[in-house]
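Undergrad: let me see the structure of the following:
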Amino acid sequence: MCTNESRPFAGYKFLIIEDEMMQAWRVGDIVAELGGTVGQIAFSYDQGMDALKGTDWDCAIVDINLNGEPVFPLVEMMEQAGIPFVYCSAYVDALLDVYPEAASTVRVSKPATIEKLRDAVLLVLKPRKR
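TA: Below you'll find the model as predicted:
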């Protein structure tokens, strides 16, 4: 029997923005294992832009560099729309060097473990209204 503790993402729909297919699937598997639904995986900046149009996302898990394009304009759109997000990237340490204003964001280094990704997402996920 699954409990809310073992499936803390149950009832939440996730957007994954990640250009590396294997990494995107791994993150998607973690989300599913924790009870969440992966609504879409965007493998490029343009796909991420399209995914943000007209869909209600509960949370996004976002790589910083998408095939050489920085993801920050997408993140701005998420912030304006009130979509919580977590950076999951090999560049999390360099992020603060280039963008010190990102110090208040939640970040996880790739490859993320289930525990680290769970803990990071739970910091930003909005509680469900009953």
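
Undergrad: Asp19 is in what secondary structure piece?
TA: Under the criterion DSSP states H and E, no helix or strand holds Asp19.

Undergrad: kindly apply the preceding question to Ile16 instead.
TA: Assigned by DSSP H and E, Ile16 belongs to strand 13-17.

Undergrad: show me what that strand is packed up against.
TA: helix 21-33, strand 37-42, helix 45-51, strand 59-62 (3 or more Cβ pairs under 8 Å, 6 or more residues apart in numbering; DSSP states H and E). In short, each C-beta sits where N, CA and C put it, glycine included.

Undergrad: what residues does the second one touch?
TA: Meaning strand 37-42. 12-18, 24-25, 28, 31-32, 48, 50-51, 55, 57 (Cβ atoms under 8 Å, 6 or more residues apart in numbering).

Undergrad: let me know the angle separating it from strand 13-17.
TA: 20 degrees (axes from the mean of the first three to the mean of the last three Cα atoms, to 10 degrees).

Undergrad: got the buried residues for stretch 40-53?
TA: 40-43, 45, 48, 51-52 (16 or more other Cβ atoms under 10 Å).

Undergrad: one step back: and the strand holding Ile16, what's its mean pLDDT?
TA: Averaging pLDDT along strand 13-17 gives 97.

Undergrad: circling back: in a markdown table, list the buried residues of stretch 40-53 along with pLDDT and distance to Glu76.
TA: Below are the buried residues of stretch 40-53 laid out as a markdown table (pLDDT from 0 to 100; distance: Cβ to Cβ, whole Å):
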| residue | pLDDT | distance to Glu76 |
| --- | --- | --- |
| Gln40 | 96 | 19 |
| Ile41 | 97 | 21 |
| Ala42 | 96 | 16 |
| Phe43 | 96 | 20 |
| Tyr45 | 94 | 13 |
| Gly48 | 95 | 12 |
| Ala51 | 95 | 15 |
| Leu52 | 94 | 10 |
